[in-house]
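1. Predicted model follows, preceded by the sequence.
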Amino acid sequence: MTATAAFEAWAAQHHIDAPHIAIKQTQHAGTGLFAKQAIVTHTEPLLRIPNDMLITTKNATHLHLTEEFRNTIYQLFDGTDEMHLEGKNERLFLKLFLVHERFVHANDSFWKPYMDVLPSLAFFQENHVLFKNYAEHLAGTTLSVSISAKQRALQNELATLQEKACGWLDQITLEQWFWADATFWSRVVSLDEENEAVDNGQATHLALVPFFDFANHSLTPNVRWQRDSQDNSFLLMPFEDATIGAHDELFISYGAKSNQELLFLHGFTLSNNPEPLRLRLPVTPFLAGPSQPAISRFLQQNAMEPFVAFGYSHDSAPSSSSQVLPDFPIAHQLFASTGFTYPSIVLMYLLALDEDDGLRIDEQENIVLGNKQVDAMDGVAEYTSQLEHFKVIQLRVILLLLDALTYHHGELSQSIPETTHPSALTNHIAAYRLEEKHSFECAIDALALLREELLQEPVVIQYMSSQEQQ
């Protein structure tokens, strides 16, 4: 009996009702869910999973947890009952569950049939960007920075866990922990928000849902999930307008995800993805001089990271209004079509100001603009927009951003690796590289147009003339 057949038999034994669905291999996505016959009614569920078969912290009493696992949870979470874990601890619990049931308690686990059909460590090593095999293919991209940060975070996370709790956790390798994280993020759903994707934010009531989690993503999904109002079962329902024939694959939507996020979490990109990339550039190269400590503290106080963000969809042109955040105040509309977010532009205002513009740092390391201490980004935007030479400040911002974008575009262009044995993942990475490069080019072109526009402004011409005379 194959692992898939064993899982389907185990699922039926535990009252997972899937008479209309089969699990099959797909050409590129591993496994998927397929209709056994044409779907003629859209009011009956195609899949029903009992609530007690959902892997959640609130279902801890139904998860057949071993004593050693419970003891570890008790140590790690200072005696907190599994059912009351939330947020980060909820995510951590599910990753610990996965790694324990797959690599420690594997042979005797109640969940063995499910674990046996999950993607293997070897599969992820070949098909997930978190693993080191593909670092050279991502070199020069902003995504490579995110991946390196994620790898370091997971390494520190595992070390902290192993330091805090003795026992079976000492057996877990870093690559196994990578596997647990990749499995978690590629399969988890939030039961609080139907059909909304889980991100790195504050989603709660997270669940791994055996059988359902083989459904793949599409921009045109034909099924969705919901909870049964009577018994809280997890249901997979066809959309009312969906035409589903025999042997058609059943697709869900992972939500509005850019190719950056799809590649980071799932290992694929979409050629016609309408969701724009959201790229980040560090501003640390601009943080120099005596104002650096004060500005760094100012960013921390405002819960801001030292990055600027921008994005374009794959088919955007520099003249389009495809910015990530379109709600620019009137005074700052100049930048609305550049792809940069409004908070990023205000941050750049702050970095472009100097003593001649009224910027100073007081004895308490506070930022003072004019004669007033500024504690929030709104104050920076208001002060800068009221300067007589505001357009000069905007030109400085453009020149700073152009330098940064041109540098990173050059890095991206020079880092193209040679691929002797292309795979599905290397093809997706290559497509992503082109999309990121296109985003840089759109931003550069948009800013270059604004630069030429500002250079014609009388206040800018006058300011540059006075600077030359000095």
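-> Perfect, I can see it now.

2. C-alpha only now, for contacts and for neighbours.
-> OK.

3. all strands for the stretch 351-470 of the chain, in order.
-> 359-361, 367-369, 372-373 (DSSP state E, counting those that start in this stretch).

4. cool, the stretch 51-200 of the chain as well?
-> Under DSSP E, counting those that start in this stretch, the stretch 51-200 of the chain gives strands at 189-190.

5. Helices of that one, residue ranges please.
-> With DSSP state H, counting those that start in this stretch, the ranges of helices along the stretch 51-200 of the chain come out as 67-76, 87-99, 112-117, 121-127, 135-138, 142-164, 174-187.

6. Looking at those helices, which is nearest to Ala443?
-> helix 142-164 (14.7 Å; Cα to Cα).

7. can you list contacts of that closest one?
-> By Cα atoms under 8 Å, 6 or more residues apart in numbering, the surrounding residues in contact with helix 142-164 are 75-76, 129-130, 135, 138, 169-170, 174, 177-178, 260, 264, 279-281.

8. how does it look with 6 Å?
-> The contact list for helix 142-164 (Cα atoms under 6 Å, 6 or more residues apart in numbering) reads Leu138, Leu169, Asp170.

9. Enumerate the positions of it that are buried.
-> Thr142, Leu143, Ser144, Ile147, Gln151, Leu154, Gln155, Leu158, Leu161, Gln162 (16 or more other Cα atoms under 10 Å).

10. Just name the closest of those to Leu400, please.
-> Thr142 (18.2 Å).

11. what's the spacing between the closest one and Thr406?
-> From Thr142 across to Thr406, the span is 14 Å (Cα to Cα, to the nearest Å).

12. cool, Gln467 as well?
-> Counting by Cα to Cα - Gln467 and Thr406 are separated by 26 Å.

13. These two - which one has more neighbours?
-> Thr406 (15 against 9; other Cα atoms under 10 Å).

14. Could you report the pLDDT at the more buried one?
-> The confidence metric pLDDT takes the value 96 at Thr406.

15. State the pLDDT value of the residue nearest the centre of the chain.
-> Centroid check for the chain by Cα atoms, centre = their mean gives Glu261 as the closest residue, at 4.5 Å. Here, the pLDDT recorded for Glu261 equals 94.

16. now do Asp378
-> 94.

17. Run through the stretch 201-350 of the chain and note the low-pLDDT ranges.
-> 201-204, 313-327 (pLDDT under 70).

18. Show me where it has its strands.
-> Under the criterion DSSP E, counting those that start in this stretch, strands of the stretch 201-350 of the chain are mapped to 206-207, 216-217, 223-227, 234-238, 249-252, 279-282, 307-310.

19. With respect to Tyr349, which of the helices of the stretch 51-200 of the chain lies nearest?
-> Short answer: helix 142-164, nearest of the helices of the stretch 51-200 of the chain by Cα to Cα, at 23.0 Å.

20. What lies in contact with the helix or strand that Trp10 is a member of?
-> For Trp10, the host element (DSSP states H and E) is helix 3-13. Contact with helix 3-13 is made by Pro113, Tyr114, as judged by Cα under 6 Å, 6+ apart.

21. and whatever helix or strand comes next after it, what does it pack onto?
-> Next in sequence after helix 3-13, counting helices and strands by DSSP H and E, comes strand 21-25. Counting contacts by 3 or more Cα pairs under 6 Å, 6 or more residues apart in numbering; DSSP states H and E, strand 21-25 packs against strand 31-35.

22. cutoff 10 Å now
-> Applying 3 or more Cα pairs under 10 Å, 6 or more residues apart in numbering; DSSP states H and E, one finds that strand 21-25 makes contact with helix 3-13, strand 31-35, strand 249-252.

23. The ones you listed into CSV, with extra columns for mean neighbour count and distance to Leu351?
-> Formatted as CSV, the helices and strands packed on strand 21-25 follow (neighbours: other Cα atoms under 10 Å; distance: least, Cα to Cα, whole Å):
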stretch, mean neighbour count, distance to Leu351
helix 3-13, 16, 57
strand 31-35, 21, 49
strand 249-252, 23, 44
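
24. Figure out which of these is closest to Asp378.
-> Comparing the helices and strands packed on strand 21-25 under Cα to Cα, the one sitting nearest is strand 249-252, at 40.5 Å.

25. Need the contact partners of that closest one.
-> 21-24, 26, 32-36, 46, 195, 212-225, 236, 238, 244 (Cα atoms under 10 Å, 6 or more residues apart in numbering).

26. Among these, name the buried ones.
-> For the contacts of strand 249-252, buried by 16+ other Cα under 10 Å: 21-23, 32-36, 46, 195, 212-217, 219, 221-225, 236, 238, 244.

27. domains for this structure, by residue range?
-> 3-266, 279-469 (automatic domain parsing).

28. Report the mean per-residue pLDDT for stretch 162-178.
-> 92.

29. got the CA coordinates for it in PDB?
-> Output in PDB follows, covering the C-alpha atoms of stretch 162-178 (Å, rounded to 0.1, in the frame of the first residue of the first chain):
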ATOM      1  CA  GLN A 162      17.500  23.100  23.300                       C
ATOM      2  CA  GLU A 163      19.000  25.200  26.100                       C
ATOM      3  CA  LYS A 164      15.700  25.600  27.900                       C
ATOM      4  CA  ALA A 165      14.400  22.000  27.600                       C
ATOM      5  CA  CYS A 166      16.400  18.900  27.800                       C
ATOM      6  CA  GLY A 167      15.500  15.500  26.300                       C
ATOM      7  CA  TRP A 168      14.300  14.700  22.800                       C
ATOM      8  CA  LEU A 169      14.900  18.300  21.500                       C
ATOM      9  CA  ASP A 170      18.700  17.600  21.600                       C
ATOM     10  CA  GLN A 171      18.200  15.100  18.800                       C
ATOM     11  CA  ILE A 172      16.700  17.700  16.400                       C
ATOM     12  CA  THR A 173      19.100  18.900  13.700                       C
ATOM     13  CA  LEU A 174      18.900  22.400  12.200                       C
ATOM     14  CA  GLU A 175      17.800  21.000   8.900                       C
ATOM     15  CA  GLN A 176      14.900  19.200  10.600                       C
ATOM     16  CA  TRP A 177      13.900  22.400  12.300                       C
ATOM     17  CA  PHE A 178      14.000  24.100   8.900                       C
END
